[in-house]
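# pasted the sequence and its predicted model underneath.
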Amino acid sequence: MIHNPRASGTGSLDAVCTALRQLRRVRTLDVRTGENLGEVAVAAIQDGGNLLVVAGGDGTIHAVLNGLMLASPHLRRVPVAIAPLGTGNDLSRTLAIPAEPAAIAELLRRGRLRMLDVIQIDTPGRPTRYAANAITGGFSGKVSSGVTPAQKQFWGPLAYLRGAIGPITARPSYRITLTFDDQPRHELDALNLVIANGRTAAGGFPVAPQANPEDGLLDVVIVPAAPWTDLSIIAARLMEGDYTADEAVLHRRARRIQLHSEPPMPLSIDGELDEGSQFCFTVRPRAWRVYVGRDYHRNPRGGSRLSFGVTTVLRRGFGLIAMGLVLLLRLPRDYLAGLILCWLGVIGFLLMVRGLGADSWTILDQQVRQMLQNNSSHWLDAVAVFFHGLGHWLSTNLLAGGMASYWLIRRHYRDALMMLVLCLGSDGIEVVLKELFQIERPQPVGWFPRPESYGFPSGHALRGVALSVYLAGLLGRSRFSGRVRVLGILGLIAVAGGLGWSRLYLGVHTLMDVLAGTIAGATWATWCLLVRNWLRRRRRARLNMPVSEGKAGVSSSGEPSPAEPASNVSSVPLRHDP
C-alpha cells in the first residue's frame with residue numbers, strides 16, 4: 001500500500017490498514033517529501049508486490065499511474081486498488097468505489113478487475129505524461145490553480161466552489177484551435193474545456209457524465225465564451241447532473257485531440273496544475289488493471305432510481321431552475337407569452353369549476369338574464385338566432401373545412417392540418433367537458449326550444465372563440481396592411497362577443513357556461529397557434545440549414561459522412577463557430 005501523507009484523508013489510514021490486514025500481508029510505503037510516488041510504486045512491484053493499493057486522492061493516483069506507464073509493460077499487469085482518501089476522489093466516484101476507508105476489504109473481496117483507458121499528454125519540449133480521470137482547462141483550470149492545499153484540507157470538496165468566486169467575476173476567454181483525430185480544425189472562443197476519461201472533477205461535478213473509461217475514446221466538452229444568460233443555464237444543468245445536452249455546449253468523442261490556445265490555457269490534470277499553448281491528448285486503451293465497485297457500469301445509466309436524499313432533491317431543484325431559465329432566457333418571446341396565456345387559461349378554467357354553484361355567481365347570472373330580457377326586441381331576436389346558427393358545430397366545421405381546402409390547394413399543408421386540428425379539437429373538448437360535469441341548462445326564453453345537451457361549458461362560445469382567436473393570430477402575422485389587420489381582428493372579436501351574448505340572450509346558458517367556454521376556446525386556440533408557429537420555424541430551420549461537403553459529422557440522410565471515421569460514429573459532431 002502506497003500512501004501520500006499530504007492527502008486530506010490521512011486520518012483514515014489506520015482504518016484502511018486494519019481492513020487490508022484481514023485479507024493478506026500488507027507492506028505500507030509512506031512517501032517522504034520530495035520522493036516520486038510513481039518510482040516508489042514501481043520499485044515496490046519489482047520487489048515482489050502482487051497488488052498495489054493506492055491510498056490517497058486523484059493526485060496520488062495520477063503520480064502512481066505515471067510511474068506505471070513509464071515502466072515496463074508487464075509491471076502494468078499488477079492490479080491496482082484505490083482507497084479514496086483525497087479531497088475530490090473523482091476517479092473513485094466514476095468507478096463506484098465506496099468512500100468508507102474500511103470498505104477496501106470488501107472491494108478486494110467482491111470487486112471486479114477492469115482494464116481502463118488512460119489519457120496520454122504530449123507537450124512540445126516536455127516529457128510525456130498520463131492522466132487517469134480528466135483534464136479541465138480554462139475557467140476550471142483557474143479555479144483549481146486558486147485552491148491551495150490548506151484550503152483543500154479545511155474545506156474538502158467545497159474548496160473548489162470557494163475557489164470559483166474569483167474567476168467567475170472576470171470570465172476568462174481563450175481562442176482555441178482543436179483537431180479531432182484526422183478531421184478539419186475547429187476554431188472558437190472557449191470559456192472552459194474538459195477532456196475526460198472519468199465522469200466527474202473538482203469533487204463530484206459531472207463534467208463528462210456520459211464518459212466511458214473503457215471505450216477507447218475521450219470525451220471532449222467545451223463551454224464557449226457565451227453571454228451570462230447561456231452560462232447561467234449551463235451552470236444550473238451542470239449542478240443538475242448533465243449539461244452536455246445543452247444547445248450552447250459542444251460535446252465530441254475522439255481518440256486523439258490536438259489543442260492550441262491563445263493565451264496559454266491553465267489546466268488541471270487529475271488535480272495537478274499546468275499551463276501551456278500546445279497539447280496533444282491521446283487515449284491509451286486498456287492500459288492498466290483497476291478494481292471497481294459493485295455498482296460500477298462502464299456505460300453510464302440514463303435514469304436514476306427514485307430517492308428522496310438531500311443530493312437528489314438538490315439536483316431536481318437545479319433541474320427546475322435550468323428549465324425556468326431556458327423558458328425565460330432562450331424561448332422566443334411569442335412562445336413564452338403563449339405558454340403564459342395557456343397556463344393562465346387553465347388556472348382560470350379551474351377557478352370557474354371551483355365556483356360552480358356559488359351563490360354569488362347565481363345572483364349575478366340572474367341579474368344579467370333579467371337585464372337582457374328587459375331590453376329584448378324582435379330585431380335582437382333575429383340577431384341572436386343568426387349568431388346561434390353561426391356558432392353551431394356544423395357551421396364552424398364547414399367554415400374550417402373551407403379554409404383547410406383553400407390551404408390544401410395552395411399547398412400550405414401545415415396550415416390546413418392545424419385548422420382541422422383546431423376545429424376537431426374544439427368539438428372534442430366540448431364533448432369531454434360536458435360529459436365530465438353534466439350540468440343541466442337553464443330554461444331558455446319562451447319562444448326558443450331548449451337544447452338537449454348539457455350546459456357547461458358553452459359549446460358555441462368555445463368553438464367560436466377558438467376559431468376567432470386562431471384567425472386573429474394568423475391575421476396579426478399576415479402581410480395585410482395595418483388597417484386591414486386591425487379591422488379584421490376587431491371584427492373577429494365582435495363575432496366572438498356576439499356568440500357569447502346570443503347564448504345569454506336566448507337563455508340557453510348561464511354566464512358561467514359562457515365564460516368557461518370562452519376561456520377554454522381561447523386557451524385551445526393559443527396552444528394551436530404555438531404548435532403552428534413551432535412547425536413553421538422548424539421547417540424554416542431545415543430549409544436554411546447550411547450543407548457543407550467533405551466535413552465530418554452526419555449527413556442529411558442520418559448516416560455518417562464519408563469524412564468521419566468508423567470509430568466516431570457514435571460521437572456528437574462539433575458545431576463550427578459561427
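Structure received. Numbers count the residues shown, from 1 in each chain.
# any weak-confidence spans in the stretch 401-550 of the chain?
541-550 (pLDDT under 70).
# likewise the stretch 51-200 of the chain?
Looking at the stretch 51-200 of the chain by pLDDT under 70, you get 140-171.
# what's stretch 14-21 in contact with?
1, 26, 28, 53, 55, 83, 85, 101-105, 108 (CB atoms under 8 Å, 6 or more residues apart in numbering). In this view, the C-beta of every residue, glycine as well, is placed from N, C-alpha and C.
# again, only this time at 10 Å
1, 3, 9, 26, 28, 51, 53, 55, 81, 83-85, 100-108 (CB atoms under 10 Å, 6 or more residues apart in numbering).
# alpha carbons of it, as CSV, please.
Output of stretch 14-21 as CSV, limited to C-alpha atoms (Å, rounded to 0.1, in the frame of the first residue of the first chain):
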residue,chain,number,x,y,z
ASP,A,14,-5.3,3.3,10.1
ALA,A,15,-8.8,2.0,9.1
VAL,A,16,-7.6,1.1,5.6
CYS,A,17,-4.6,-0.8,7.1
THR,A,18,-6.8,-2.7,9.5
ALA,A,19,-9.1,-3.7,6.7
LEU,A,20,-6.3,-4.8,4.5
ARG,A,21,-4.6,-6.9,7.1
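# buried stuff in that stretch?
For stretch 14-21, the neighbour count (16 or more other CB atoms under 10 Å) marks 15, 16, 17, 19, 20 as buried.
# again with stretch 264-274
So, applying 16+ other CB under 10 Å, buried residues of stretch 264-274: 265, 266, 267, 268, 269, 270, 271, 272, 274.
# endpoints of it, how far apart?
End-to-end span of stretch 264-274 (CA to CA, to the nearest Å): 10 Å.
# off-centre distance for that stretch?
28 Å (CA atoms, centre = their mean, to the nearest Å).
# same thing with stretch 60-78?
38 Å.
# quick one on the thing from earlier: from the contacts of stretch 14-21, which land in strands?
3, 53, 55, 81, 83, 84 (DSSP state E).
# can you get me a residue count around the first one?
It refers to residue 3. Counted with other CB atoms under 10 Å, residues neighbouring residue 3 total 22.
# now do the second one
Around residue 53 there are 24 other residues, counting by other CB under 10 Å.
# what residues are up against it?
So residue 53 contacts 1-3, 16-17, 20, 26-29, 79-83, 104, 107-108, 291 (CB under 10 Å, 6+ apart).
# tell me the bridge partners for it.
Note on residue 53: beta-bridge partners by DSSP bridges are residue 81.
# from residue 20, how far out is it?
7 Å (CB to CB, to the nearest Å).
# ditto for the fourth one
Using CB to CB, we find residue 81 at a distance of 9 Å from residue 20.
# now do the first one
As for residue 3, its distance to residue 20 is 11 Å (criterion: CB to CB).
# what of residue 487?
From residue 487 to residue 20 the distance is 87 Å (CB to CB).
# got it, and residue 114?
Distance of residue 114 to residue 20, computed by CB to CB: 21 Å.
# what segments of this protein are strands?
2-3, 29-30, 52-56, 80-84, 112-122, 129-131, 134-138, 174-180, 186-196, 218-224, 250-254, 256-269, 272-292.
# partners of the fifth one in the sheet?
The reference is to strand 112-122. Strand 112-122 is paired, per DSSP bridges, with strand 129-131 (antiparallel), strand 272-292 (antiparallel).
# dump those strands to a markdown table, plus distance to residue 436.
Below are the strands paired with strand 112-122 laid out as a markdown table (distance: least, CB to CB, whole Å):
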| stretch | distance to residue 436 |
| --- | --- |
| strand 129-131 | 62 |
| strand 272-292 | 55 |
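# what's the closest of these to residue 476?
Among the strands paired with strand 112-122, strand 272-292 comes nearest to residue 476, with 53.5 Å by CB to CB.
# tell me how far the residue nearest to residue 447 when sequence neighbours are not counted lies from residue 509.
Ranked by CB to CB, 6 or more residues apart in numbering and with sequence neighbours excluded, the top spatial neighbour of residue 447 is residue 381, at 7.7 Å. Distance, residue 381 to residue 509, by CB to CB: 17 Å.
# and if you look at residue 265?
Residue 265 is 70 Å from residue 509, by CB to CB.
# okay, now residue 538: neighbour count?
11.
# OK, contacts around it?
If you count contacts by CB under 10 Å, 6+ apart, then residue 538 has residue 414 around it.
# domain parsing for the protein?
2-110, 130-284+308-328, 333-542 (automatic domain parsing).
# wait, which of these is closest to residue 119?
Comparing those under CB to CB, the one sitting nearest is domain 130-284+308-328, at 4.2 Å.
# nearest residue to residue 395 in space, please, no chain neighbours.
residue 389 (6.2 Å).
# that neighbour - how many residues pack around it?
For residue 389, using other CB under 10 Å, the count is 11.
# over to residue 430?
24.
# distance of it from residue 404?
19 Å.
# so residue 463 versus residue 500, what's the distance?
For residue 463 relative to residue 500 (CB to CB), the value is 12 Å.
# cool, residue 45 as well?
Distance from residue 45 to residue 500, by CB to CB: 87 Å.
# what does residue 536 give?
31 Å.
# quick one, which of the two is more surrounded?
Applying other CB under 10 Å to residue 536 and residue 500 shows that residue 500 carries more neighbours, namely 24 against 14.
# so who does the more buried one touch?
Here residue 500 is in contact with 387, 391, 458, 460-461, 464-465, 509, 511, 513-515, 517-518, 521 (CB under 10 Å, 6+ apart).
# and if we set it to 6 Å?
461, 514 (CB atoms under 6 Å, 6 or more residues apart in numbering).
# equivalent analysis for residue 514, please.
So residue 514 contacts 458, 461, 500, 503 (CB under 6 Å, 6+ apart).
# switch to 8 Å and redo it
Residue 514 neighbours (CB under 8 Å, 6+ apart): 457, 458, 461, 500, 503, 504.
# in helices only, show me these.
Among the contacts of residue 514, the residues falling in helices (DSSP state H) are 461, 500, 503, 504.
# so the first one sits against residue 499, correct?
Right, residue 461. Yes - with contact defined as CB atoms under 8 Å, residue 461 counts as touching residue 499 (5.8 Å).
# okay, and the common contacts of these two?
In contact with both residue 461 and residue 499: residue 391, using CB under 8 Å, 6+ apart.
# ok, these two, which is more surrounded?
Comparing residue 461 with residue 499 by other CB under 10 Å, the one with more neighbours is residue 461, at 30 against 27.
# send the alpha carbons of stretch 245-257 over as PDB?
Extracted in PDB, the C-alpha atoms of stretch 245-257 (Å, rounded to 0.1, in the frame of the first residue of the first chain):
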ATOM      1  CA  ALA A 245     -27.200  18.200 -24.000                       C
ATOM      2  CA  ASP A 246     -27.500  22.000 -23.700                       C
ATOM      3  CA  GLU A 247     -27.500  23.700 -27.100                       C
ATOM      4  CA  ALA A 248     -24.700  26.000 -26.100                       C
ATOM      5  CA  VAL A 249     -22.300  23.200 -25.000                       C
ATOM      6  CA  LEU A 250     -20.100  21.400 -27.600                       C
ATOM      7  CA  HIS A 251     -19.600  17.600 -27.000                       C
ATOM      8  CA  ARG A 252     -17.500  15.300 -29.000                       C
ATOM      9  CA  ARG A 253     -15.700  11.900 -28.700                       C
ATOM     10  CA  ALA A 254     -12.300  11.200 -30.300                       C
ATOM     11  CA  ARG A 255      -9.200   9.100 -29.900                       C
ATOM     12  CA  ARG A 256      -6.800  12.000 -30.400                       C
ATOM     13  CA  ILE A 257      -7.200  15.700 -29.700                       C
END
